[in-house]
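**Q** predicted model and sequence below, questions to follow.
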Amino acid sequence: MIRFDRVHKRYPNGREALSELSFEIADGEMAFLTGRSGAGKSSVLKLIALLERPTRGQLIVNGESTGRLPMRRVALFRRQLGIVFQDHRLLMDRPVFDNVALPLIVADISFKEIDRRVRAALDQVGLLGKERVAPLELSVGEQQRVGIARAIVSKPPLLVADEPTGNLDVTLAAEVMELFRRFNEVGVTVVIATHDRRLVQAAGRREIMLENGRVQLDSGATMESTTALDVAALGPITTDGPPPEIG
Amino acid sequence: MSSLSNWSARHGHAMVSSMGHMSRHGFATVLAIGVMALALALPLGLEVLVRNVRGATGDFSDAVGMQVYLKTQVSEQTARQLAQNLRGHAGVAEVTLITAAQGLEEFRAQSGFGAALDALTDNPLPPVLIVRPTADAASPDQLETLRQAVMAWPEVDAVQLDRDWLRRFGALLDLLRRILWISAGLLSAGVIMVVGNTIRLEIRSRGAEIEITQLVGGSRAFVRRPFLYAGVLYGLAAGALAWGIVAGATRALAPDAARLAAAYGQSYSLAGPTVDELGLLLLGGLVLGWIGAALASGYEIARSAPGSA
């Protein structure tokens, strides 16, 4: 569960990214953050992932007040959420397996368990068999899916994604959105920042539109919504792995 | 048990990670280790020097003794009597009398002032008794007691202990050793700085990796671990290399030292650094490397940690 309560974020250079921002995303919800660049989407995600802290106001994520969480507990906090970046942020000099395994290695999971879980995660994103491949040998879409496998490998209850389809064409973007939808189906809370309103409309999920650091429009909670992604409008989906086993 | 194997696994991971990084950056690694090794080699080299000088001069203490200068008016016969008395003294092994005439002869032969000395009507030199103590009476205290006793004789003008110059020389070596300790302290600080700066650059060059690791929930301890290992490995390598440098230098100097000793009619072989000192250098390198890496990584990683502000 994520609750922004009159959150204010001002950067050292004086720029006000968020002002008096309040909204709530319930457990198991899937929501899109939209708005022009500079509207505050990235700041919201950074605050959720505790990459930054609120200047004022309260932000509660997974039951923790992020403003006051001491640094030594930040690492544990981050293990409760998966992050997907637009530029996927993979370690280019390590094979796919090492990249996906990183969240488990830092969490002290045994090697045997790491092996099992990394394969399961790669299976879910349709990349099983690519463990030993270097990220540079993969396509852009595959690289993004490695990033997604890394975000979900530790089975976090919360998944946040910053423009996850930003570098992908329509077909690949649809594949990625379908992945997120499936994770959400098994109970993962999913928050996706995107400027691609076509994807948002196709998904038919809650949309929180930001403007100048405030909520401009909130389509409201759609937890009960079972609307499947309108994939036909976007193109074929080649990802055809078994249903995700998260939760 | 599983937590123990996890522990060893993640430390193994950190160590392999840091060794991999060091081998990929071979030149920088060699430079850093080289500078650290030179800094560690200098105090060790001084220590070996002091020890060798002490060892070489230690042989002279066998020949330690004292010279008893009698008053110039003391006759040769009285001098002989005094020598005889001294020979009966406890702790005295040998007494040699150099009469005033003999002393003048020796001086004439050695100084080259022959003509000038001929101009003298009187012999200005006193008779001298050279006393060599027995081995068990050669300690400074015992010699001092003997000196006091001899000084009390009315015919004696002055008593000079051979110990005096040895003592001065010993003080000089002590001073050298103290300089050694100070330089060791300063150079240790230098080693910490070199390690710290090397680790700082490594952290900078792996910024993306560190950030990603922290984003997926890697703790500060986890992120720091490979760098601490790197610091320790640098220190150990530098310690071993420093020992090797000093051992090599000692070996290279050995023939010259032997020739010098031979010129003094002695046989002396240079003593290189000991195995204990290798252990000490490795331990020192380990500790200094760890401190440097801990300081640098603590500072750099805290500075760049996402979410710290």
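**A** Structure's in. What do you need?

**Q** residues in chain A within reach of chain B, list them.
**A** Residues of chain A lying close to chain B by Cβ under 8 Å from any Cβ of the partner chain are A:49-53, A:71-72, A:74-79, A:83, A:89, A:91, A:102-103, A:105-111, A:150, A:154. In short, each C-beta sits where N, CA and C put it, glycine included.

**Q** which of those residues count as buried?
**A** Neighbour-count burial (16 or more other Cβ atoms under 10 Å in any protein chain shown) applied to the residues of chain A next to chain B gives A:49-53, A:74-75, A:77-79, A:83, A:89, A:91, A:102-103, A:105-107, A:109, A:150, A:154.

**Q** those residues in strands, which ones?
**A** With DSSP state E as the criterion, strands contain A:Ile83 from among those.

**Q** so what's the residue count around A:Phe97?
**A** Using other Cβ atoms under 10 Å in any protein chain shown, A:Phe97 has 18 other residues around it.

**Q** now do the SS call for it.
**A** Put simply, A:Phe97 is helix when judged by DSSP: H, G, I helix; E, B strand; the rest coil.

**Q** and for A:Pro156?
**A** Assigned by three-state DSSP, the conformation of A:Pro156 is coil.

**Q** surely it touches A:Ile83?
**A** No. Judged on Cβ atoms under 8 Å, A:Pro156 makes no contact with A:Ile83 at a distance of 9.1 Å.

**Q** buried residues, the worst-scoring helix or strand of chain A on mean pLDDT. List them.
**A** Taking mean pLDDT, DSSP states H and E as the measure, chain A has helix A:197-203 as its least confident helix or strand, at a mean of 84. Going by neighbour count (16+ other Cβ under 10 Å), the buried part of helix A:197-203 is A:199-200, A:202-203.

**Q** for it, packing partners?
**A** With contacts defined as 3 or more Cβ pairs under 8 Å, 6 or more residues apart in numbering or on different chains; DSSP states H and E, helix A:197-203 has these neighbours: strand A:30-34, helix A:170-185.

**Q** for the last one, name the packing helices and strands.
**A** Think helix A:170-185. With contacts defined as 3+ Cβ pairs under 8 Å, 6+ apart, helix A:170-185 has these neighbours: strand A:30-34, helix A:140-152, strand A:158-162, strand A:189-193, helix A:197-203.

**Q** what residue ranges in chain B are flagged as low confidence?
**A** Within chain B, the stretches with pLDDT under 70 are B:1-10, B:13, B:15, B:57-64, B:135, B:138-140, B:163-164, B:307-309.

**Q** in it, which spans are strands?
**A** Using DSSP E, the strands of chain B run over B:66-70, B:92-98, B:128-133, B:156-161.

**Q** contacts for stretch B:147-165?
**A** Contact with stretch B:147-165 is made by B:63-72, B:74, B:78-79, B:82, B:86, B:89, B:126, B:131, B:140, B:143-144, as judged by Cβ atoms under 8 Å, 6 or more residues apart in numbering or on different chains.

**Q** that older thread, of the helices and strands packed on helix A:197-203, give the one that comes closest to A:Val140.
**A** Of all these, helix A:170-185 sits nearest to A:Val140, with 7.3 Å by Cβ to Cβ.

**Q** any idea how far that closest one is from the chain center?
**A** 12 Å (Cα atoms, centre = their mean, to the nearest Å).

**Q** for it, buried residues please.
**A** Neighbour counts over helix A:170-185 (16+ other Cβ under 10 Å) mark A:172-185 as buried.

**Q** picking that back up, between A:Pro156 and A:Ile83, which contacts overlap?
**A** Joint contacts of A:Pro156 and A:Ile83 (Cβ under 8 Å, 6+ apart) do not exist.

**Q** the residue nearest to the spatial centre of chain B: what's it in contact with?
**A** Centroid-nearest residue in chain B: B:Glu47, 2.1 Å away (criterion: Cα atoms, centre = their mean). For B:Glu47, the contacting residues are B:177, B:180, B:273, B:277, by Cβ under 8 Å, 6+ apart.

**Q** tell me the two of these that are most distant?
**A** Farthest pair in the contacts of B:Glu47, by Cβ to Cβ: B:Arg177 and B:Pro273, 15.3 Å.

**Q** looking at these two, which one has more neighbours?
**A** Under the neighbour definition other Cβ under 10 Å, B:Arg177 and B:Pro273 were set side by side, and B:Pro273 has more, 23 against 16.

**Q** and that one, what does it touch?
**A** Here B:Pro273 is in contact with B:44, B:47-48, B:243, B:246-247, B:250 (Cβ under 8 Å, 6+ apart).

**Q** skipping adjacent residues, who's closest to it in space?
**A** Spatially, and ignoring its direct neighbours in sequence, B:Pro273 is nearest to B:Val246 (4.9 Å; Cβ to Cβ, 6 or more residues apart in numbering or on different chains).
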